[in-house]
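Novice: With the input below, show me the fold.
(one chain, ligands or ions: 1)
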Amino acid sequence: MAEPSSRGRVGLLGGGVIGGGWAARFALNGYDVNLFDPDPEASRKVDEVMTNARRAWEQLTTAPLPAEGQVSIVGSPEDAAANAEFVQESAPENESVKRSLLAAASRTAAPEVVIASSTSGLLPSVLQADMTFPERMVVGHPFNPVYLLPLVEVCPGAQTSDEAVKRASDMYVGLGMRPLVLQHEIDGFVADRLLEALWREALGLVADGVATVEQVDDAIRFGAGLRWASMGTMLTYRIAGGEGGMRHFMAQFGPALQWPWSRLTDVPELTDDLLDRIEQQSDAQAGGVGVRDLERLRDDCVVAVMRGLRDVGYASGEVLAEYEVLLRQRAEASA
Ligand SMILES: NC(=O)c1ccc[n+]([C@@H]2O[C@H](COP(=O)([O-])OP(=O)(O)OC[C@H]3O[C@@H](n4cnc5c(N)ncnc54)[C@H](O)[C@@H]3O)[C@@H](O)[C@H]2O)c1
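Specialist: Next up is the predicted model:
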C-alpha cells in the first residue's frame with residue numbers, strides 16, 4: 001500500500017545524467033521535485049531516466065514504496081530553490097557555472113536549507129564562496145546510476161557547518177544511500193581518485209596497443225570486479241595474504257610498488273588517432289545497442305548484485321536491507 005501524500009519538495013539544478021538520476025531517487029522516495037535545466041530536451045531526458053529507474057526499483061525491492069513525487073521542470077534556479085527543503089546541484093563540471101547557480105539558489109532558499117553539489121572533484125570551499133549562508137553548502141558526490149548506487153561522498157568546505165553535514169547525510173540515508181563523510185576537502189575526493197588511477201592505466205594500455213577497450217573491461221569484470229562489489233580493495237588484499245593477513249600480503253607484493261608497473265601521471269596524449277581508436281573499439285564493444293538499452297542491462301546487473309548481497313547481508317546488500325526496514329516503518333506510520 002503506497003503512502004498517500006508527498007514527503008516534501010526538493011530543488012534540483014541540472015537534469016542530465018546525474019540530475020536525472022537524483023530526480024528519480026527523490027521522486028521514488030515520494031518527494032516532489034522542481035528541476036531547472038536550460039536544455040529544451042531536459043523534460044524528455046528526465047522522463048527516460050525515470051522510466052528506467054522505476055523499472056529497476058520494481059526488481060530491486062518489494063518493500064512498500066511511497067506514492068511517487070511529481071517532477072516539474074521550472075524556469076530558473078530561483079524557482080527550483082523556492083520552497084525546497086533540500087537543493088542538489090548537478091550542472092556541468094564548470095566552476096563558474098556552479099558558483100553562479102549555487103549563489104542564485106542560496107539567495108532564494110531558506111537559510112536552514114542544505115544546498116549540495118554533485119561535483120566530481122571541485123572543492124566545496126571554492127563553490128560556496130559566493131553563497132549567502134555558505135555554511136549550509138556541502139558536496140554530495142553520487143555515482144551513476146544515482147537511483148541505484150548507494151554511495152554518496154559528503155565533503156564539507158571551509159565554511160560548512162557540522163550541522164549541514166549531518167542534515168545532508170540524514171537526507172541521503174532516508175533516500176536509501178550510504179554517505180561517506182570526508183573530514184577534509186581534497187581534489188577528486190576519495191572514490192574518483194581511486195577510479196581515476198584505474199582509468200589512467202586503462203587509457204595507457206589502449207594507447208600502447210596492449211589491450212582493446214573490451215579486454216580492459218574483461219580484465220575487471222571476470223576478476224577483481226566481482227570481489228570489489230563486496231570487499232573493496234583493502235579487505236580483498238587482506239584475504240589474499242592468507243593466514244598471514246595484511247602483513248604477509250605487504251611483504252610479498254609491497255616491493256612491486258617500487259617497480260614501474262603503472263603509469264601514474266604519465267597520461268597518454270589524447271590525440272585524434274587515440275580518440276578514434278577508443279571510439280571505434282567502444283562502438284564495436286556496444287554491438288549497436290543504444291544507450292538506454294545499455295543502461296537497462298547495467299541496471300539489471302547492479303540489481304542482481306545488490307539483491308544477492310542483501311541475501312548475504314553485506315556491503316550494499318546491508319544498505320538495501322536497512323532501507324527496506326525504513327520503508328516498512330514509514331508505510332506503517334502512514335497507515
Ligand atoms: N556522469 C557521471 O558519472 C558523474 C558522476 C558523479 C558526479 N558527476 C557530476 O555531476 C555533475 C553533472 O554531470 P552529468 O554527468 O550529469 O553531466 P550532463 O552533461 O549529463 O548534465 C549536465 C546538465 O546540466 C545542464 N545545464 C547546463 N547549464 C546549466 C545551468 N546553467 N543550470 C542548470 N543546468 C545546466 C545541461 O543542460 C545538462 O542537462 C558534474 O558536476 C559531474 O562532475 C557526474
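Novice: gap between H248 and V10?
Specialist: 49 Å (C-beta to C-beta, to the nearest Å). C-beta coordinates here come from the backbone N, C-alpha and C atoms, glycine included.
Novice: When the two are compared, which one has more neighbours?
Specialist: V10 (27 against 14; other C-beta atoms under 10 Å).
Novice: does the residue sitting nearest the centre point of the chain sit in a helix, a strand or a coil?
Specialist: Nearest to the mean C-alpha position of the chain, by C-alpha atoms, centre = their mean, lies F143 at 1.7 Å. Three states are possible here, and by DSSP: H, G, I helix; E, B strand; the rest coil the one that applies to F143 is coil.
Novice: Quick check: closest non-adjacent residue to it.
Specialist: Nearest residue to F143, sequence neighbours excluded (C-beta to C-beta, 6 or more residues apart in numbering): L149, at 4.2 Å.
Novice: can I assume that neighbour is in contact with V305?
Specialist: No - under the contact definition of C-beta atoms under 8 Å, L149 does not touch V305, with a separation of 10.5 Å.
Novice: residues shared between the contacts of the two?
Specialist: When contacts are counted by C-beta atoms under 8 Å, 6 or more residues apart in numbering, L149 and V305 are jointly contacted by S316.
Novice: The helix or strand that contains C155 - which strands sit beside it in the sheet, and in what orientation?
Specialist: C155 is part of strand 151-156 when elements are defined by DSSP states H and E. Partners of strand 151-156 in the sheet, by DSSP bridges, are strand 137-141 (antiparallel), strand 178-181 (parallel).
Novice: Let's have those in CSV, adding mean neighbour count, distance to the ligand and mean pLDDT.
Specialist: As requested, those are exported to CSV (neighbours: other C-beta atoms under 10 Å; distance: least, C-beta to the nearest ligand atom, whole Å; pLDDT from 0 to 100):
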stretch, mean neighbour count, distance to the ligand, mean pLDDT
strand 137-141, 28, 6, 98
strand 178-181, 17, 13, 98
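Novice: Kindly reformat those strands as a markdown table containing distance to A91.
Specialist: Rendered in a markdown table, the data for the strands paired with strand 151-156 read as follows (distance: least, C-beta to C-beta, whole Å):
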| stretch | distance to A91 |
| --- | --- |
| strand 137-141 | 13 |
| strand 178-181 | 22 |
